[in-house]
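Colleague: Generate coordinates for the sequence data below:
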Amino acid sequence: IDMLLPKRTFYKLAPELLQGGKTASGTPVRVQLLGQSPEWLAENAVRAVELGSPGVDLNFGCPAKLVNQSKGGAVLLKEPDLMYRIISAVRQAVPEHLPVTAKIRLGWDNPADCLAIADAAAAAGASELAVHGRTKEDGYRSEAIKWEWIARVRERLSIPVIANGEIWSHADGVRCRAVTGCQDLMVGRGALNVPNLGAVVQHQAAVMPWSEVLQLLMQYGELEVRGDKGAYFPNRIKQWFSYLRQQYEQAQPLFAQLRRCTEPAPIMALLQQEVENNQG
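Modeller: A predicted model of the protein is given here:
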């Protein structure tokens with residue numbers, strides 16, 4: 001970010017702001033910002049909370065090449081001093097009663113760097129820190145997960161530390177808590193596999209049945225098509241199905257049909273047909 005974004009951009013990317021910073025079910029949603037300028041990030045943080053965001057999250061974990069080439073996301077892990085200035089500027093700009101949180105990886109290519117990175121975030125005034133247990137160079141390789149480094153971060157900080165990475169089931173959550181000592185966990189890609197993964201991890205709930213997943217897909221599609229994101233819907237639903245098919249065998253044949261679609265209407269028709277087939 002190198003400018004103060006217009007209000008319409010916030011509403012487009014975080015429509016929850018139009019209903020008090022909460023989802024339709026009442027879950028609070030903090031606006032997440034990503035960039036390299038302390039001053040512009042602080043100004044956008046002020047706008048976010050003025051529009052209703054219940055706090056601000058700062059992303060220092062995104063490994064995407066385009067983002068990193070723009071000096072955003074995980075590339076900032078190479079510069080703890082700049083991270084400090086960013087978090088400090090946002091913390092000073094946001095009202096004290098609202099949280100300013102940060103998401104990091106263990107470092108760019110050396111996990112030991114997470115200690116200095118975490119120290120910088122805490123010293124700058126971060127309210128809590130979510131730590132993804134891999135470096136940027138590790139990408140998302142499952143064998144590269146290093147929960148033990150999250151434990152070292154938790155041990156040295158007085159602010160809450162949230163563990164993230166390779167949590168796909170209740171058993172994974174149990175193991176992650178045992179290794180990291182963190183009670184709070186963050187799920188990411190796993191929630192695309194199993195939409196109710198949070199309840200599965202926390203309460204050992206049953207995995208959401210396929211019939212309910214279909215209803216969720218229909219609701220999502222209707223929201224996207226009705227809003228201003230219809231152009232992105234075909235690619236987004238295909239991305240989601242690439243995960244769902246790993247958990248639900250019923251998703252595979254449907255995915256084979258969806259991947260040939262380039263417009264929202266035929267995709268919604270296929271989903272509706274699948275709903276009807278499951279009802280019969």
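
Colleague: residues in contact with Trp40?
Modeller: 1-4 (CB atoms under 8 Å, 6 or more residues apart in numbering). (Glycine included, C-beta is placed from N, CA and C.)

Colleague: where does Leu129 land in three-state SS?
Modeller: Here Leu129 is recorded as strand under DSSP: H, G, I helix; E, B strand; the rest coil.

Colleague: ok, Gly181 touching Glu148?
Modeller: No. Counting by CB atoms under 8 Å, Glu148 is not a contact partner of Gly181; they are 10.3 Å apart.

Colleague: Of the two, which one has the most company?
Modeller: A direct count of neighbours by other CB atoms under 10 Å for Gly181 and Glu148 places Gly181 higher, at 15 against 11.

Colleague: biggest separation within the contacts of Trp40, which pair?
Modeller: Asp2 and Leu4 (9.7 Å; CB to CB).

Colleague: ok, and what's touching the lowest-mean-pLDDT helix or strand in the chain?
Modeller: Within the chain, no helix or strand scores below helix 65-69, which has a mean of 79 by mean pLDDT, DSSP states H and E. Contacts to helix 65-69, defined as CB under 8 Å, 6+ apart, come from residues 34, 62, 73-75, 136.

Colleague: Next secondary structure after that helix?
Modeller: Sequence order places helix 80-93 as the next helix or strand after helix 65-69, per DSSP states H and E.

Colleague: other SSEs contacting the following helix or strand past that next one?
Modeller: With elements assigned by DSSP H and E, the helix or strand that comes after helix 80-93 is strand 100-105. Counting contacts by 3 or more CB pairs under 8 Å, 6 or more residues apart in numbering; DSSP states H and E, strand 100-105 is packed against strand 56-60, helix 80-93, helix 114-123, strand 128-132.

Colleague: Show me which positions of the next helix or strand after the last one end up buried.
Modeller: In this case it means strand 128-132. Note on strand 128-132: by DSSP H and E, the next helix or strand toward the C-terminus is helix 147-156. In terms of neighbour count (16 or more other CB atoms under 10 Å), helix 147-156 has its buried residues at 147, 149-154.

Colleague: which one among the residues you listed gets closest to Asp119?
Modeller: Out of those, the member with the shortest distance to Asp119 (by CB to CB) is Val153, at 9.2 Å.

Colleague: Can you give me the neighbour number for the nearest residue to that closest one once chain neighbours are set aside?
Modeller: In this structure, Val153 finds its nearest non-sequential neighbour in Ala118, 4.5 Å apart by CB to CB, 6 or more residues apart in numbering. Neighbour count of Ala118, defined by other CB under 10 Å: 26.
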